[in-house]
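Engineer: Provided below for reference: sequence and predicted model.
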Amino acid sequence: FKARLDQIVDPDHALVRLSGSIDWRFLEDRFGAVYDDDPGRPPLPTRLMVGLAILKHMHDLSDEGLCERWVENPYYQLLCGEEFFQHRLVFDRSSLTRWRQRMGEDRLAVLVQESLSAAVRLGAAKPTDFTQVIVDTTVQEKAIAFPTDARLMHRARERLVRLAKATGVELRQSYVRVGKIALIRHQRYAHAKHFKRANRALRTIRTMLGRVIRDIGRKIADRPQLEDVFALPLSLARQVREQRQRQRGKKIYSLHAPEVECIGKGKAHKPYEFGVKVSVATPVDRCKGGQFVAHVKALPGNPYDGHTLATVIPEIEASVGACLTRIVADAGYRGHSAPKDKIFKVYVAGQKRGVTAAIKRAFRRRSAVEPVIGHLKNEHRMNRNHLAGTRGDAANAVLAAAGYNFRILILWLTTLFVRICCAFLFAGAWSSRQQTS
């Protein structure tokens, strides 16, 4: 006796129309290839998990917030493939994390591809719009505190002491009280620009960390099980203790996210950002529905911008399904290493030779990628990544691009419906005026 969702919702709602325009069979074939027929609990429906991923990054929601809204919103449930209204969750919150980890970056990139296909089907874009793209890089920051040597060493000592207590290793001294006092003293001296006193407090913190490291090393010697447990924490603690502020090479900026890199983009308000470099590509000419994202890829290792084109250009062509005829980039791509067949199709800002009027117009459009990056960061969860590891960095960037594209499609469907309604009202008013006259 229950009423179906499609009977109680507005069929002209943007989410209802979007759910009808997505090729769910294609997504089920691509995502379903991960699963097998082995005995065990059956997986959750692909449409449910894909719909949750789209909604999460479309509306900038956490996993907890998404679960709360999903129970309350019938349109969310309809997009996820439910036939009847559900009064409680049909999935566990941790299922979202496991699904993202299982799919990985390569399969999640299918969502960006499907968003572009849906835009073409809905008339918001044309296939020829994606033959000319703008490529730029930005930094996807990680959810970490600003790294300082004192705080990193203090946290490393706290993690070792906590792990020693959990495994039953009795330490000679834990430095819980005096370590906290030394950290506070260092922060106050550094804030007051008393750098000699601050450095003295920093040496005290380093000495405490070294004593705990050596004490644990003596206590777990000839105990293989404990050596395996303490291997990674001790390695990170030693690296944090030995590194210096201005040293070259790999450094640790966060103990819970050691993959974080320090990237300088030359910004006056933020000279250094801590996260991973991300490449973003968008069409040169604005599509009818808006400025879509054609491709996004996380680039660990902080590569030179020009060297990323060898990887990015083939993936853009695979994503949009068309051969690129023009790639526009800023001056940071000078000296690029694009594929051989695309070397003379890449135009870098400041280039003088072979610049025609059409290329000059494309250069004037190069800054169109900047507001797209701003929307990705501020409205689609790319500003502060909470997903763990390098795989989390890649997945978050791709999902942010998919959420951004589907958000544009929602706006396109809403404005298109309003235009159609206005046209009908205008036609009705005109016909009534003709009859009265």
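Structural biologist: Looks like it arrived, so ask away. On a predicted model such as this, the values are computed, not experimentally measured, just so you know.

Engineer: From here on, just use CA atoms for contacts and neighbour counts.
Structural biologist: Noted.

Engineer: Met382 and Val372, how far apart?
Structural biologist: Here the criterion is Cα to Cα, to the nearest Å. By it, Met382 lies 11 Å from Val372.

Engineer: out of those two, which sits in the busier spot?
Structural biologist: Per other Cα atoms under 10 Å, whichever of Met382 and Val372 has more neighbours is Met382, with 27 against 18.

Engineer: Give the full set of residues in contact with the more buried one.
Structural biologist: Counting by Cα atoms under 8 Å, 6 or more residues apart in numbering, Met382 touches Gln140, Glu141, Leu376, Asn396, Ala397, Ala400.

Engineer: How about Val112?
Structural biologist: With Cα under 8 Å, 6+ apart, Val112 has these contacts: Val293, Ala294, His295, Ser319, Val398, Leu399, Ala401, Ala402, Asn405.

Engineer: mind listing which of those are in strands?
Structural biologist: Residues of the contacts of Val112 located in strands (DSSP state E): His295.

Engineer: model confidence over the strand ranked longest in the chain, on average?
Structural biologist: Counting residues, the longest strand found in the chain (DSSP E) is strand 272-283. Averaging pLDDT along strand 272-283 yields 92.

Engineer: All further residue positions should be reported with the first residue as 2.
Structural biologist: Renumbered: residue one is now 2, and that last one reads strand 273-284.

Engineer: Just the buried positions in that strand, please.
Structural biologist: Residues of strand 273-284 classed as buried by neighbour count (16 or more other Cα atoms under 10 Å): Glu274, Phe275, Gly276, Val277, Lys278, Val279, Ser280, Val281, Ala282, Thr283, Pro284.

Engineer: on that earlier part again, can you pick out the most distant pair from the contacts of Met383?
Structural biologist: Glu142 and Ala401 (13.3 Å; Cα to Cα).

Engineer: So for those two, which sits in the more crowded spot?
Structural biologist: Between Glu142 and Ala401, counted using other Cα under 10 Å, the more crowded position is Ala401 (28 against 23).

Engineer: tell me the contacts of the nearest residue to the more buried one once chain neighbours are set aside?
Structural biologist: Closest residue to Ala401 apart from its sequence neighbours, by Cα to Cα, 6 or more residues apart in numbering: His381 at 5.2 Å. Shown in contact with His381 (Cα under 8 Å, 6+ apart): His58, Met59, His60, Asp61, Ala401, Ala402, Gly404, Tyr405.

Engineer: Of those, just the buried ones, PyMOL syntax please.
Structural biologist: A single PyMOL command is used to select the members of the contacts of His381 judged buried by 16+ other Cα under 10 Å:
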select buried, resi 58+59+61+401+402+404+405
